[in-house]
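**Q** Structure for this input, please:
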Amino acid sequence: MLIATWSEFGRRPKENASGGTDHGAAAPVLLIGNPVKGGLYGQAPSLTDLDPTGNLKFAVDFRSIYQEILGGHLGADPKDILGDSFAKLGVLKSPVAAFG
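**A** Numbers count the residues shown, from 1 in each chain. Alright, predicted model coming up:
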């Protein structure tokens, strides 16, 4: 079994006028289950090196994760679904089908 959970939005590091934080660009993805190779992939975001709009810079493109779930766990061709190939992370122990 593989469980994937992610947030649709990250948070901006700078506090807004009402004392909270606004929606941002970078957010965590958690993969849980037997096929997952444990660990942290990517780097922790910098609070001092933000993108031009004040958002954290993401270290891992979420499409790389989707690609591995699609091809390595569900046996689908990720390029057919995502329209392109993305960096391979190696987050799963043994892929169901090879993809390029």
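**Q** Now tell me what touches stretch 85-97 from outside.
**A** For stretch 85-97, the surrounding residues in contact (Cβ atoms under 8 Å, 6 or more residues apart in numbering) are 2, 31, 34-37, 41, 60-61, 63-65, 67-69, 71-79, 99-100. For every residue, glycine as well, the C-beta is placed using N, CA and C.
**Q** switch the cut-off to 10 Å
**A** For stretch 85-97, contacts defined as Cβ atoms under 10 Å, 6 or more residues apart in numbering pick out 2, 29, 31, 33-39, 41-42, 60-79, 99-100.
**Q** Not counting its neighbours along the chain, what's nearest the spatially most central residue of the chain?
**A** The geometric centre of the chain, computed from its C-alpha atoms, lies nearest to residue 62 (Cα atoms, centre = their mean), at 3.4 Å. Leaving out its chain neighbours, the residue that sits closest to residue 62 by Cβ to Cβ, 6 or more residues apart in numbering is residue 29, at 6.3 Å.
**Q** which ones are touching that neighbour?
**A** Counting by Cβ under 10 Å, 6+ apart, residue 29 touches 4-7, 41-42, 58, 60, 62, 64-66, 91.
**Q** any idea how far it lies from residue 91?
**A** Using Cβ to Cβ, to the nearest Å, residue 29 is found at 9 Å from residue 91.
**Q** Same check on residue 85?
**A** Residue 85 sits 16 Å away from residue 91, going by Cβ to Cβ.
**Q** Among the contacts of residue 29, show me the least confident.
**A** Of all the contacts of residue 29, residue 7 carries the smallest pLDDT score, 81.
**Q** Nearest residue to that one in space, ignoring adjacent ones along the chain?
**A** residue 27 (4.0 Å).
**Q** Would you enumerate the residues in contact with the one you found?
**A** 6-11, 56, 58, 62.
**Q** By neighbours, which of those wins?
**A** Tallying neighbours with other Cβ atoms under 10 Å puts residue 56 at the head of these, with 20 neighbours.
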